[in-house]
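Engineer: sequence unknown, structure follows:
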């Protein structure tokens with residue numbers, strides 16, 4: 001009998017397609033925006049994490065059981081959940097009326113409900129390499145999982161100016177910014193920009209946050225209505241001009257052809273490229289894992305983070321060969337021109353053709369190094385080989 005090669009279905013094929021412009025990004029060029037889709041994939045046993053609608057319904061059920069919300073209000077909000085399109089407004093009104101105990105009730109012992117940590121592990125691998133993370137979620141699943149992996153995770157909200165500025169400037173590798181607040185501090189939950197007047201009127205904070213939207217590539221994962229989120233709009237969209245020239249990305253479920261391609265066209269106005277992880281939510285964790293793996297292959301180390309692999313034997317050969325090189329009366333590279341920082345003290349560049357962002361010099365200094373080599377008529381790599389040959393003879 002002839003063997004039959006399994007042909008992947010259309011969903012499987014689509015779920016592993018990646019935009020080259022995305023997977024060629026360095027991890028530190030990205031800012032990950034986490035939505036409810038991530039929590040739903042990680043802890044499917046908690047309905048409140050799956051969507052704003054299910055979160056509101058869970059809060060109402062808790063409020064009813066704890067008897068902390070008038071039955072008339074409960075009935076009114078249940079009607080709004082089924083009829084209103086803007087559930088963020090409904091959630092905002094509900095939070096203003098409810099007892100903080102309701103959120104503590106529905107999000108209790110989150111770490112015990114982590115069933116599928118694949119997405120969280122993928123996000124952590126990006127964070128290790130410099131990717132920043134913010135979320136619209138109330139839960140701290142990522143931080144709990146990271147702590148289990150011995151990572152110094154830290155949750156922060158917009159009311160702590162010092163920490164927000166540290167995070168925005170890239171000084172909190174394992175910091176997660178919750179722009180709506182965190183369930184562990186119910187009094188700090190905010191769904192309306194008016195709750196963050198101190199933030200939106202602080203020029204230093206707003207400049208730092210909006211600069212991120214101009215200089216980073218935002219990667220929206222598990223996000224549905226984030227661009228309609230009033231707080232996200234106030235922080236990143238209102239005052240950033242020429243958004244169409246930016247390069248951000250949104251990973252979405254492809255529910256239908258018409259909706260998907262309309263969403264692509266709409267998001268381009270905000271500088272966002274929409275890509276599909278498939279037409280089934282089950283494809284989401286695997287896609288995120290594969291995407292993170294592709295991005296983490298980029299060879300640009302972050303100080304203190306994982307760097308490129310160096311063959312110890314080759315490094316030893318280079319060091320021994322360098323020791324045998326004659327020392328010129330004048331250093332071959334007394335000044336690297338425009339190069340700044342500790343790189344200026346280097347007196348030797350080994351094979352300048354190989355200089356890239358993984359070396360001490362980096363991209364900005366590559367031309368300087370090559371130019372100095374040419375001006376001095378020195379081919380260092382060749383001298384190294386010749387010296388090594390002489391030593392072995």
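Structural biologist: Good, I have the coordinates. None of these values were measured; they are calculated from a predicted model.
Engineer: now do the helices in the stretch 51-200 of the chain.
Structural biologist: All helices of the stretch 51-200 of the chain, identified by DSSP state H, counting those that start in this stretch, fall at 52-66, 71-83, 87-97, 101-106, 118-128, 141-148, 161-168, 197-200.
Engineer: how many other residues sit next to the closest residue to residue 71 other than its chain neighbours?
Structural biologist: Nearest residue to residue 71 in three dimensions, chain neighbours excluded: residue 64, at 7.5 Å (CB to CB, 6 or more residues apart in numbering). Just so you know, the C-beta spots here come from the backbone N, C-alpha and C atoms, and that holds for glycine as well. Neighbour count for residue 64, taken as other CB atoms under 10 Å: 16.
Engineer: next SSE downstream of the helix-or-strand element of the chain with minimal mean pLDDT?
Structural biologist: Sorting the helices and strands of the chain by mean pLDDT, DSSP states H and E puts helix 10-15 at the bottom, at a mean of 44. Under the assignment DSSP states H and E, the closest C-terminal helix or strand after helix 10-15 is helix 20-23.
Engineer: list the helices and strands that following helix packs on?
Structural biologist: strand 272-278, helix 284-296 (3 or more CB pairs under 8 Å, 6 or more residues apart in numbering; DSSP states H and E).
Engineer: recalculate using a threshold of 7 Å.
Structural biologist: If contacts are counted by 3 or more CB pairs under 7 Å, 6 or more residues apart in numbering; DSSP states H and E, helix 20-23 sits against no helix or strand.
Engineer: state the next helix or strand along the chain beyond it.
Structural biologist: Beyond helix 20-23 on the C-terminal side, the first helix or strand identified by DSSP H and E is strand 30-34.
Engineer: tell me what that next one is packed against?
Structural biologist: Helices and strands touching strand 30-34, as assessed by 3+ CB pairs under 7 Å, 6+ apart, comprise helix 118-128, strand 132-135, strand 217-221.
Engineer: for residue 26, which of those is the nearest?
Structural biologist: strand 217-221 (9.7 Å; CB to CB).
Engineer: list phi and psi for the residue lying closest to residue 63 once chain neighbours are set aside.
Structural biologist: Residue nearest to residue 63 in three dimensions, not counting chain neighbours: residue 69, with 3.8 Å by CB to CB, 6+ apart. Here is the backbone geometry of residue 69 (degrees, to the nearest 10): phi -140, psi 130.
Engineer: check contacts around residue 69.
Structural biologist: 63, 97, 98 (CB atoms under 7 Å, 6 or more residues apart in numbering).
Engineer: one more time with 8 Å
Structural biologist: For residue 69, the contact set (CB atoms under 8 Å, 6 or more residues apart in numbering) comprises 60, 63, 97, 98, 99, 102.
Engineer: ditto for residue 77
Structural biologist: Residues near residue 77 by CB under 8 Å, 6+ apart: 56, 60, 90, 93, 94.
Engineer: list the beta-bridge partners for the closest residue to residue 22 other than its chain neighbours.
Structural biologist: Spatial nearest neighbour of residue 22, chain neighbours left out: residue 249 (5.4 Å); criterion: CB to CB, 6+ apart. As for beta bridges, residue 249 partners with residue 219, residue 273 under DSSP bridges.
Engineer: what's the local residue count around residue 249?
Structural biologist: By the measure other CB under 10 Å, the count of residues near residue 249 is 22.
Engineer: just residue 70 next, same as before
Structural biologist: Residue 70 sits with 11 neighbouring residues when counted by other CB under 10 Å.
Engineer: what pLDDT does it get?
Structural biologist: You'll see residue 70 listed with a pLDDT of 88.
Engineer: separation between it and residue 152?
Structural biologist: Using CB to CB, to the nearest Å, residue 70 is found at 43 Å from residue 152.
Engineer: how about residue 255?
Structural biologist: According to CB to CB, residue 255 and residue 152 sit 39 Å apart.
Engineer: quick check: the farthest pair among the contacts of residue 77?
Structural biologist: Greatest spatial distance among the contacts of residue 77 (CB to CB): 60 and 93, at 12.0 Å.
Engineer: torsion angles phi and psi at the closest residue to residue 55 other than its chain neighbours?
Structural biologist: Among residues not flanking residue 55 along the chain, residue 48 sits closest, at 4.6 Å (CB to CB, 6+ apart). Phi and psi for residue 48, reported as degrees, to the nearest 10, are phi -60, psi -20.
Engineer: please consider this matter closed, and thank you.
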